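Peer 1: Sequence and predicted structure, then a few things I'm wondering about:
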Amino acid sequence: MPLDAPDPESFFLSPNAPQPREYQKAIIKSALAKGSTLVVLPTGLGKTLIAAAVAAAKLKDGKVLFLAPTRPLVAQHEKTMRELLTLAPEELVMVSGLIAARKRAEMYKPPARLVLSTPQTIANDLAHERLVWDFSLVVFDEVHRTVGKYAYTKVAEAAREHKTMALGLTASPGGQNKRIQEIIDSLAITNVEIRSSNDPDVAPYVKQLDVEWIEVELPQESRELKKLLDDIINDRAATLQKMGFVGGYKSKKGLSELRARILQSSSPLRFSALSHHATLFSMVHILELFETQGVEAVSRFIGRVKEREPSKAQLRLLSDKRFVLFMERLKGCAEHPKLAKLLEVLGRRQEGEKSIVFCQYRDQVEVLVRAIEAGGKPARSFMGKKDGVTAKGQAQTILDFREGRFNILVATSIGEEGLDIPSVDNVIFYEPVPSEIRTIQRRGRAGRAKVGRMIGFITKGTRDQASFWSAKRKEEKMTRVVGRMAGRTPQEWKNAGEERKGASGGWKCAGGEQGDASERWKSAGADWKNKTAYRYRKAEGAGEKPAQKEEKKNSPSPEENAPVAQEKKEASPAPAQEKREMEKLPDTSPTQEEKTKKKGQTKIGDY
């Protein structure tokens, strides 16, 4: 047996399963001895094998529930568990919301011993009493999602009530003390196992990842159109300010928070403010698409705005003379320079190399696939279930990519978490994302089985730059936070947090950053002066100062008397808990030293 155990027959681990490495053995034994465990391990270093071994040991005590946030990831785990465990085919079942509720209720019953599903399906079936809880273990893959109102928290509540062991797996728990404590409390964690890529028992298995960020610059015509949009946004913001509603006008998160305040207000101008807010929200989204995505993505969104039921917000937008001029000039505007740079990068890659291109928006994904194929390279999209995309189609796309039927996959955020395609050579960020968790997840798709490359594009003078530095700062903070967790029990970690809270009057940020916003920005600004981990390679032209950035939402629906519905985001990580207004970011232009810094290496899974 690959594991030393007092009762080998209690294990259902297949003799054909890979021999666990020493750090995996240590984590497995620790979890089985100490109970509910949070495992923080860099991507590509075998979290799934750890889960399989713990599950194999716990099956003697009862059924095992294995959760993952997306159906493609659940399907991947089902395949892996069938290979790693000795269960009969009928004893391992994958349950999804696509299966009728009555049939799901039967699937949970014997002979089922290992159930794999998404948390939404399990939470729903628990609420409707279709599932009787009889699990000895619950595995939470991508456990950093166990916060807020995400469905993981509902399942975690059931596990706590029944005193069921929980095993949480993540490569990136986030850099916020309160967020990590919420995960620990939600799962009733009694044991934390942390490994970094620098630990001596892990380092030999870590593959190098070559990281390169490439700057591009908007052409003169695009900069002129961008100024038109900036002027409209400033005017709309000024109108709201005159009405007495002040907030983050240039980020979607700030605007969403502002809308909530407007709704709670008793001002007689409340409904008028909501209308102006809807116009402003659409303008901010259009600017984001224009400066980070491309002309066609903007045109498609404007087309959808025109198709909506008429409203004051819509008419105000479409009748603005400056916006009319913008729409007219957009027709003859060249595509975003990122597109040409992407084709150039892909053209330099050797025949047979596999590449994943990450892009925020469905419209732009389609543009990229079409352009790549026009250049003679087979490519396919990988997006969430919408507009004809099905779970079966998603699974087939991943299978075809894995087996080499095409070598370029263009994915939205649904491809960021957990997908194990060992032979991926290149991961390409069409744009930076401001979340450290999503950045790590994206980057972790390459360098899993061999040396890989990560290439990213940044548009100078836009929110791309703010996103880049925001994610980098959060990664550095997460490194410090996770480092403080290592070697401590959950209770010791909690006590230390209470001490920090008492000392500062609020949660103290890593590195001495205070809970108060001004101190956080002051410390963050100092941190950003020590930028050494990434290579900036200059493209043609000179740059401007960075603009503002916020986490993506796929398409705002700015109806006046309805919540500001953002364009549906793909199955992406749980919403960031940061409290920030990106328009207040300090100057984040790279130093000359960074511009000339030689190409460096980073380890996959580094925080």
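Peer 2: Thanks, I have the structure now. Model, not experiment: these values are computed from the prediction.
Peer 1: Point out the other helices and strands that the helix or strand hosting residue 76 packs with.
Peer 2: Assigned by DSSP states H and E, residue 76 belongs to helix 71-84. Contacts defined by 3 or more CB pairs under 8 Å, 6 or more residues apart in numbering; DSSP states H and E place helix 71-84 against helix 47-58, strand 92-95, strand 114-117, helix 391-402. C-beta here means a position set from N, CA and C on the backbone, and glycine is covered the same way.
Peer 1: what residues does it touch?
Peer 2: Residues outside helix 71-84 that contact it (CB atoms under 8 Å, 6 or more residues apart in numbering): 13-14, 16-17, 48-49, 52, 55-56, 66, 68, 87, 89, 92, 94, 96, 98, 114, 116-118, 141-142, 391, 394-395, 398, 414, 417-420.
Peer 1: Now do the buried residues in that helix.
Peer 2: When burial is assessed from 16 or more other CB atoms under 10 Å, helix 71-84 yields the following buried residues: 71-78, 80-81, 84.
Peer 1: And stretch 401-409, by the same measure?
Peer 2: 401-402, 407-409.
Peer 1: ok, now stretch 83-96?
Peer 2: Applying 16+ other CB under 10 Å to stretch 83-96 flags 84-85, 87, 91-95 as buried.
Peer 1: likewise stretch 106-115?
Peer 2: When burial is assessed from 16+ other CB under 10 Å, stretch 106-115 yields the following buried residues: 107-108, 112-115.
Peer 1: Over to stretch 367-379?
Peer 2: Using 16+ other CB under 10 Å as the test for burial, stretch 367-379 gives 367-369, 371-372, 377, 379.
Peer 1: Same question for stretch 17-29.
Peer 2: With burial defined by 16+ other CB under 10 Å, the residues of stretch 17-29 counted as buried are 17, 20-21, 23-25, 27-29.
Peer 1: Could you export that stretch as CSV, CA atoms only?
Peer 2: What follows is stretch 17-29, C-alpha atoms only, in CSV (Å, rounded to 0.1, in the frame of the first residue of the first chain):
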residue,chain,number,x,y,z
ALA,A,17,-2.7,5.1,-7.9
PRO,A,18,0.5,7.2,-8.0
GLN,A,19,2.7,6.8,-5.0
PRO,A,20,2.1,9.8,-2.8
ARG,A,21,5.1,12.1,-2.3
GLU,A,22,6.5,12.7,1.2
TYR,A,23,4.6,16.0,1.7
GLN,A,24,1.4,14.4,0.5
LYS,A,25,1.8,11.5,2.9
ALA,A,26,2.4,13.9,5.7
ILE,A,27,-0.7,15.9,4.9
ILE,A,28,-2.9,12.8,4.5
LYS,A,29,-1.8,11.4,7.8
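Peer 1: okay, now residue 170: neighbour count?
Peer 2: For residue 170, the neighbour count with other CB atoms under 10 Å is 24.
Peer 1: where does it sit relative to residue 458, distance-wise?
Peer 2: Shown here: residue 170 relative to residue 458, a distance of 27 Å by CB to CB, to the nearest Å.
Peer 1: between the buried residues of stretch 367-379, which is nearest residue 180?
Peer 2: In terms of CB to CB, no member of the buried residues of stretch 367-379 lies closer to residue 180 than residue 368, at 35.4 Å.
Peer 1: ok, and the closest non-adjacent residue to the closest one?
Peer 2: residue 410 (4.9 Å; CB to CB, 6 or more residues apart in numbering).
Peer 1: my read: residue 12 touches residue 59, true?
Peer 2: Yes - with contact defined as CB atoms under 8 Å, residue 12 reaches residue 59; the gap is 5.0 Å.
Peer 1: Give me the common contacts of these two.
Peer 2: What both residue 12 and residue 59 touch, as defined by CB under 8 Å, 6+ apart, is the set residue 87.
Peer 1: Could you give the number of residues near residue 392?
Peer 2: 11.
Peer 1: quick one: it from residue 398, how far?
Peer 2: 11 Å.
Peer 1: gap between residue 201 and residue 21?
Peer 2: 8 Å.
Peer 1: Just confirm residue 193 is within a strand.
Peer 2: Yes - Residue 193 sits within a strand when classified using DSSP: H, G, I helix; E, B strand; the rest coil.
Peer 1: And the pLDDT at it?
Peer 2: Residue 193 carries a pLDDT value of 93.
Peer 1: which residue sits closest to it in space, ignoring its chain neighbours?
Peer 2: Leaving aside its sequence neighbours, residue 193 sits nearest to residue 27 (CB to CB, 6+ apart; 4.6 Å).
Peer 1: and the one you found, what helix or strand is that in?
Peer 2: Here residue 27, judged by DSSP H and E, is contained in helix 22-34.
Peer 1: Alright, I will stop here.
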